[in-house]
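S.K.: okay, here's the prediction I keep looking at, along with the sequence it came from:
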Amino acid sequence: SIQAVGAMIVCASSPVFKMTQTRIAANLWREGKLVIGSHENLPDYPGRPEKPLLMDARKLKRPSGVSHEIEMLHSLAHIELGAMDNYWDTIARFDPEKYQLSNDYFDDLVTVADDEARHFGWLLSALHRVKADYGDLPAHKALLEHAVNTKGDLLERLAIIPLVQEARGIDSGSRLVHKMHSAGAKETARIVQNIVTEESGHVAAGMKWFKYICSQRNVDHVQQFRQIVLKHFPKGLPGPFDEEAR
């Protein structure tokens, strides 16, 4: 089933294995060779390699002697890997009968997971191009912690992962592209722009299914979103916000 495959990818420790298996699984799903099964019992956190060292985001400091380009590529690769795991977790963890999830739901989330895998591949190749690799620098645990904090309810998961975290990526995208152009890293700027362009579709998919579950519960989606964000971010979300891209 698509849930069993998702659980296998989440539990794997190798980022490259996760990426390649995601691309394979997405193709199998599109070809009708995987079916919707029952939800899986997953660990709180996905499998991870020994490196990078994962730290509290507040304790993460800029590494000395590392170019801005390598630092940004590594950070983005870490984010895309986390997003890949989080979407597979969202596919596998939640009961399709309880939430009345159709093929369309799995179509959308498998497509997003596949996008994240492709993005991770682009960033990994870019790191290799500048003689670096994923795992060379420490990284934060924030994305994984947000997934753990929303493991009990699909509505909260959709609010926090696509509608907050993915949207935050859109907010920072234009600044990162400008920064890389200014540093003369035109190829990296192109990759970042391509990623940001596709992230908007991920937010749209999250909104579609967030509204769907709100309608099941007969609650207002705007009010519900605000309540969930306030629960998980009591101090609010820091700006700036890219209104045009959103």
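M.R.: Good, I have the coordinates.
S.K.: next up, phi/psi of the residue of the chain positioned farthest from its centre, please.
M.R.: Distance from the centre of the chain peaks at residue 65, with 28.4 Å (CA atoms, centre = their mean). Note on residue 65: backbone dihedrals following degrees, to the nearest 10 are phi 70, psi 20.
S.K.: distance check, it against residue 222.
M.R.: Distance of residue 65 to residue 222, given as CB to CB, to the nearest Å: 47 Å. (Each C-beta comes from the backbone N, C-alpha and C, glycine too.)
S.K.: and for residue 127?
M.R.: Counting by CB to CB, the gap from residue 127 to residue 222 is 40 Å.
S.K.: ditto for residue 7
M.R.: 33 Å.
S.K.: going toward the C-terminus from the lowest-mean-pLDDT helix or strand in the chain, what's the next helix or strand?
M.R.: Here the helix or strand of the chain ranked lowest by mean pLDDT, DSSP states H and E is helix 167-182, holding a mean of 77. Later in the chain than helix 167-182, the nearest helix or strand by DSSP states H and E is helix 186-217.
S.K.: distance from that following helix to the middle of the chain?
M.R.: 10 Å (CA atoms, centre = their mean, to the nearest Å).
S.K.: by how many degrees do it and helix 167-182 diverge?
M.R.: Inter-element angle recorded for helix 186-217 and helix 167-182: 170 degrees (by axes from the mean of the first three to the mean of the last three CA atoms, to 10 degrees).
S.K.: if we go by neighbour counts, what in helix 186-217 is buried?
M.R.: 188-189, 191-192, 195-196, 199-200, 202-203, 205-207, 209-210, 212-214 (16 or more other CB atoms under 10 Å).
S.K.: and what of stretch 50-58?
M.R.: Neighbour counts over stretch 50-58 (16+ other CB under 10 Å) mark 52, 54 as buried.
S.K.: start at 27, not 1
M.R.: Okay, residue one is now 27; in that scheme the one you just asked about reads as stretch 76-84.
S.K.: so for it, mean pLDDT?
M.R.: Stretch 76-84 carries an average pLDDT of 88.
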